[in-house]
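Trainee: just coords:
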């Protein structure tokens, strides 16, 4: 709540740069809150190739060390 007051206070600033900066920030926050968050969790299938590469490197290093 204090952040919105801070943003609104800076939106009324006499400095044109600060005013435009915080006005843009406020509109972006409003758009984000209206849209919502469509983030989905990462699944094991999404990381399959990376896990394969890490496993290959680990096996290679074990073979070199031993």
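Mentor: Nice, I can see it. Bear in mind that the values here come from a model prediction, so they are computed numbers and not experimental data.
Trainee: host element of residue 23?
Mentor: Assigning secondary structure by DSSP states H and E places residue 23 in helix 16-35.
Trainee: what do you get for residue 42?
Mentor: Per DSSP H and E: nothing holds residue 42, as it lies in no helix or strand.
Trainee: can you count the residues close to it?
Mentor: For residue 42, the count of nearby residues is 8 (other CB atoms under 10 Å). Bear in mind the C-beta positions are built from the backbone N, C-alpha and C, glycine included.
Trainee: Which of the residues in the helix holding residue 23 are classified as buried?
Mentor: Of the residues in helix 16-35, those with enough neighbours to count as buried (16 or more other CB atoms under 10 Å) are 22, 23.
Trainee: helices or strands up against that helix?
Mentor: Contact analysis of helix 16-35 by 3 or more CB pairs under 8 Å, 6 or more residues apart in numbering; DSSP states H and E lists helix 2-11 as its packing neighbours.
Trainee: Looking at the helix it packs on now, give me its mean pLDDT.
Mentor: Mean pLDDT, taken over the full extent of helix 2-11, equals 78.
Trainee: Name the surrounding residues that touch it.
Mentor: 18, 19, 21, 22, 23, 25, 26, 29 (CB atoms under 8 Å, 6 or more residues apart in numbering).
Trainee: Checking the one residue sitting closest to the centre of the chain next. Helix, strand or coil?
Mentor: In the chain, the centroid-proximal residue (CA atoms, centre = their mean) is residue 39; its distance is 10.5 Å. The three-state label given to residue 39 by DSSP: H, G, I helix; E, B strand; the rest coil is coil.
Trainee: right, and the helix or strand after the helix holding residue 23?
Mentor: Proceeding N to C from helix 16-35, the next assigned helix or strand is helix 48-65, under DSSP H and E.
Trainee: Buried ones in the helix or strand of the chain with the lowest mean pLDDT, by neighbour count?
Mentor: The helix or strand with the lowest mean pLDDT-type score in the chain, counting by mean pLDDT, DSSP states H and E, is helix 2-11 (a mean of 78). Neighbour counts using 16+ other CB under 10 Å place 10, 11 of helix 2-11 among the buried residues.
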